[in-house]
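Peer 1: My questions are about this predicted structure, shown below with the sequence.
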Amino acid sequence: MSVTDTIQVRLNGKDRDIEPGQTVHALLESLELHPGMVVVELNKQILPRDTYQEHQVHSGDTIELVHFVGGG
């Protein structure tokens, strides 16, 4: 994949190049994160889990991912 085949987003405070045209759900899959175990904030708005497949990721987006860790 060349640089022109990517878009840049800010993911958890770091710039990251990703494939264009991805939904939030596809991005989570590419990061090997289970959508049910992650809270996604896209451009300062928390997304409902059932909308991850509807939200497209665009160049310049800011994404914060918080994943749950079990334990006790």
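Peer 2: Thanks, I have the structure now. Numbering: from 1, shown residues only.
Peer 1: Any stretches of this structure with poor pLDDT?
Peer 2: Under the criterion pLDDT under 70, the flagged ranges of the chain are 1-4, 71-72.
Peer 1: all helices of it, in order?
Peer 2: 24-30 (DSSP state H).
Peer 1: can you pull out the strands in it?
Peer 2: 7-11, 14-18, 38-42, 45-46, 62-67 (DSSP state E).
Peer 1: Including distance to L28 and mean neighbour count, could these go into JSON lines?
Peer 2: (C-beta placed from N, C-alpha, C; glycine too.) Formatted as JSON lines, those follow (distance: least, C-beta to C-beta, whole Å; neighbours: other C-beta atoms under 10 Å):
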{"stretch": "strand 7-11", "distance to L28": "11", "mean neighbour count": "16"}
{"stretch": "strand 14-18", "distance to L28": "11", "mean neighbour count": "13"}
{"stretch": "strand 38-42", "distance to L28": "6", "mean neighbour count": "17"}
{"stretch": "strand 45-46", "distance to L28": "15", "mean neighbour count": "10"}
{"stretch": "strand 62-67", "distance to L28": "8", "mean neighbour count": "14"}
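Peer 1: Around the nearest residue to R49 once chain neighbours are set aside, count how many other residues there are.
Peer 2: Counting by C-beta to C-beta, 6 or more residues apart in numbering, P35 is the residue found nearest to R49 once chain neighbours are left out, at 6.2 Å. Here the number of neighbours of P35 (other C-beta atoms under 10 Å) works out to 15.
Peer 1: quick revisit: and of the strands of the chain, who's closest to S30?
Peer 2: Closest approach to S30 among the strands of the chain is made by strand 14-18 (7.3 Å; C-beta to C-beta).
Peer 1: Report the angle between that closest one and strand 7-11.
Peer 2: 140 degrees (axes from the mean of the first three to the mean of the last three C-alpha atoms, to 10 degrees).
Peer 1: For stretch 16-32, which residues meet the burial criterion?
Peer 2: I18, Q22, V24, H25, A26, L27, L28 (16 or more other C-beta atoms under 10 Å).
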